[in-house]
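In: got a predicted structure plus its sequence, pasted below:
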Amino acid sequence: MALETVEVPLTGKIIDVKASVGDKVKEGDIICILESMKMENPILSPVSGVVKEIQVSAGQSVKAGGVIAVIEY
């Protein structure tokens with residue numbers, strides 16, 4: 001199986017995590033919500049598969065390029 005790494009697109013703060021390890025996600029499902037420049041940005045799954053890792057938590061500050069999740073597809 002292949003792994004897809006979901007990266008942080010913008011520096012900001014994670015305000016909600018919608019997916020958990022072991023969850024089945026479809027392409028386009030919301031993984032988490034990122035607040036950046038007072039805007040809420042949904043971070044979507046780029047592939048359908050199973051969440052293997054979640055590396056962020058609500059309230060955490062993140063920088064662009066950091067890892068949000070790893071999805072096996």
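Out: Perfect, thanks for sending it. These numbers were taken from a predicted model, which means no experiment stands behind them.
In: contacts, neighbours, all on C-alpha from now
Out: OK.
In: could you find the closest non-adjacent residue to I54?
Out: Once flanking residues are discounted, I54 sits nearest to A69: 4.5 Å by CA to CA, 6 or more residues apart in numbering.
In: mind listing what's buried in the helix or strand where the one you found lies?
Out: Using DSSP states H and E, A69 falls within strand 67-72. By neighbour count with 16 or more other CA atoms under 10 Å, strand 67-72 contains the buried residues 67-72.
In: cool, and stretch 9-24?
Out: 9-17, 19-20, 24.
In: sorry, back to before: note down every partner strand of the strand holding A69 and its orientation.
Out: Under the criterion DSSP bridges, strand 67-72 sits next to strand 3-7 (antiparallel), strand 49-54 (antiparallel) in its sheet.
In: quick one, which of those strands gets closest to I43.
Out: strand 3-7 (8.6 Å; CA to CA).
In: related to what we said a few turns ago, isn't the residue nearest to I54 up against V47?
Out: No - assessed by CA atoms under 8 Å, A69 is found out of contact with V47, at 11.8 Å.
In: coming back round to it: for the buried residues of stretch 9-24, which one is nearest C32?
Out: Using CA to CA, those come closest to C32 at V17, 4.2 Å.
In: could you give the bridge partners of T5?
Out: Beta-bridge partners of T5, as defined by DSSP bridges: V70.
In: if you tally nearby residues, what's the number for it?
Out: 17 (other CA atoms under 10 Å).
In: now it: how far from V70?
Out: Per CA to CA, to the nearest Å, T5 is found 5 Å from V70.
In: for K13, same thing?
Out: Counting by CA to CA, the gap from K13 to V70 is 19 Å.
In: what do you get for V6?
Out: Distance from V6 to V70, counting by CA to CA: 6 Å.
In: repeat for V17
Out: 14 Å.
In: repeat that for L44.
Out: Counting by CA to CA - L44 and V70 are separated by 12 Å.
In: that older thread, check contacts around the residue nearest to I54.
Out: 5-7, 51-56 (CA atoms under 8 Å, 6 or more residues apart in numbering).
In: can I get those in TSV including distance to I33 and pLDDT?
Out: Compiled in TSV, those are given as follows (distance: CA to CA, whole Å; pLDDT from 0 to 100):
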residue	distance to I33	pLDDT
T5	17	98
V6	13	98
E7	13	98
V51	16	98
K52	19	98
E53	16	98
I54	13	98
Q55	14	98
V56	11	98
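In: I appreciate the help and will end here.
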